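> The sequence and its predicted three-dimensional model are supplied below.
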Amino acid sequence: MSLTLAPLPFALNALAPHMSQETLEIHHGKHHKAYVDKLNTLTPGTRYEGKSLEAIVKMSFDAGDHVVFNNAAQVFNHDFFWNSLKPAGGGEPTGSLRTALDEKFGSFDAFKAAFKEAALGQFGSGWAWLCYNIDGLTITKTSNAETPLLVNSRLLMTCDVWEHAYYVDYRNRRADFVDVFLNHLVNWDFAQANYDAATAHFKAVLEKQEATQAALEQDVA
Ligand code: ZN
């Protein structure tokens with residue numbers, strides 16, 4: 001079964017003026033679609049056929065199948081990016097994620113500065129991410145199609161810093177685009193839901209480790 005291009009979770013004109021309809025038509029309708037179409041030419045009759053997108057990303061990376069990996073990861077990253085945006089987004093998160101951001105970075109403004117630094121510091125095409133792993137909240141950047149999914153990080157939200165994400169609306173001004181992303185576009189509800197799932201996941205992992213340790217200690221005694 002071939003993969004289909006997931007529809008945008010909002011109308012084409014819903015993010016204007018911060019992200020124009022023209023940008024979404026090109027970015028989703030051409031760039032994202034091209035990765036889906038290319039992947040669909042690569043997987044039939046291979047061991048990737050019938051596997052989930054996430055499985056294809058991990059399997060192809062491990063196998064060094066660069067073409068499959070680049071297209072599969074770009075499909076995954078873009079699906080995640082569209083969900084990281086919402087009409088009238090941005091602003092400041094509330095709830096447990098906000099508390100955790102304040103604790104980790106010192107303040108929400110300090111978080112924004114660190115995220116922007118990662119987004120601007122990514123040389124060439126790539127992605128800036130807010131993730132959660134065993135060390136808690138982390139900001140990371142990845143190059144080209146790479147994704148923190150590969151290092152067992154839980155993804156909370158991402159900003160696409162490929163030039164195709166901003167050249168129509170902001171020309172070469174990546175910094176302006178990242179400011180607009182943080183102030184008007186980022187979907188904190190999506191990030192909070194991912195944060196809830198990530199903290200529950202790592203809590204369960206920790207509890208399992210503790211139970212295993214306690215059982216080992218009992219065996220020794
Ligand atoms: Zn993109």
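Cool, the structure landed.
> buried stuff in the helix or strand where Ala193 lies?
According to DSSP states H and E, Ala193 maps onto helix 188-220. Buried residues in helix 188-220, defined by neighbour count with 16 or more other C-beta atoms under 10 Å: Trp188, Phe190, Ala191, Gln192, Asn194, Tyr195, Ala198, Thr199, Phe202. Heads up, the C-betas are built off the backbone N, CA and C, glycines and all.
> ok, now which ones touch the residue most central in space within the chain?
In the chain, the C-alpha closest to the average C-alpha coordinate belongs to Thr158, at a distance of 4.0 Å (C-alpha atoms, centre = their mean). Shown here is Thr158, whose contacts under the criterion C-beta atoms under 8 Å, 6 or more residues apart in numbering are Asn77, Phe80, Phe81, Ser84, Trp127, Ala128, Trp129, Leu130.
> rerun at 7 Å
Residues in contact with Thr158, defined by C-beta atoms under 7 Å, 6 or more residues apart in numbering, are Asn77, Phe80, Phe81, Ser84, Trp127, Ala128, Trp129.
> need the residues of the protein near the ion, please.
By the rule C-beta under 5 Å from the ion, the part of the chain lying against the ion is Asp160, Trp162, Ala165.
> Isn't the last one up against Leu24?
No: with contact defined as C-beta atoms under 7 Å, Ala165 does not count as touching Leu24 (10.4 Å).
> how far away is the residue lying closest to Ile134 once chain neighbours are set aside from the ion?
Beyond its immediate neighbours in the sequence, the residue positioned closest to Ile134 (C-beta to C-beta, 6 or more residues apart in numbering) is Phe202, lying 6.3 Å away. Distance of Phe202 to the ion, given as C-beta to the ion, to the nearest Å: 29 Å.
> His184 too?
18 Å.
> and if you look at Ser107?
With the distance defined as C-beta to the ion, Ser107 ends up 30 Å from the ion.
> Can you report how many residues lie near that residue?
The number of residues packed around Ser107, counting by other C-beta atoms under 10 Å, is 10.
> Fine by me, we can end here.
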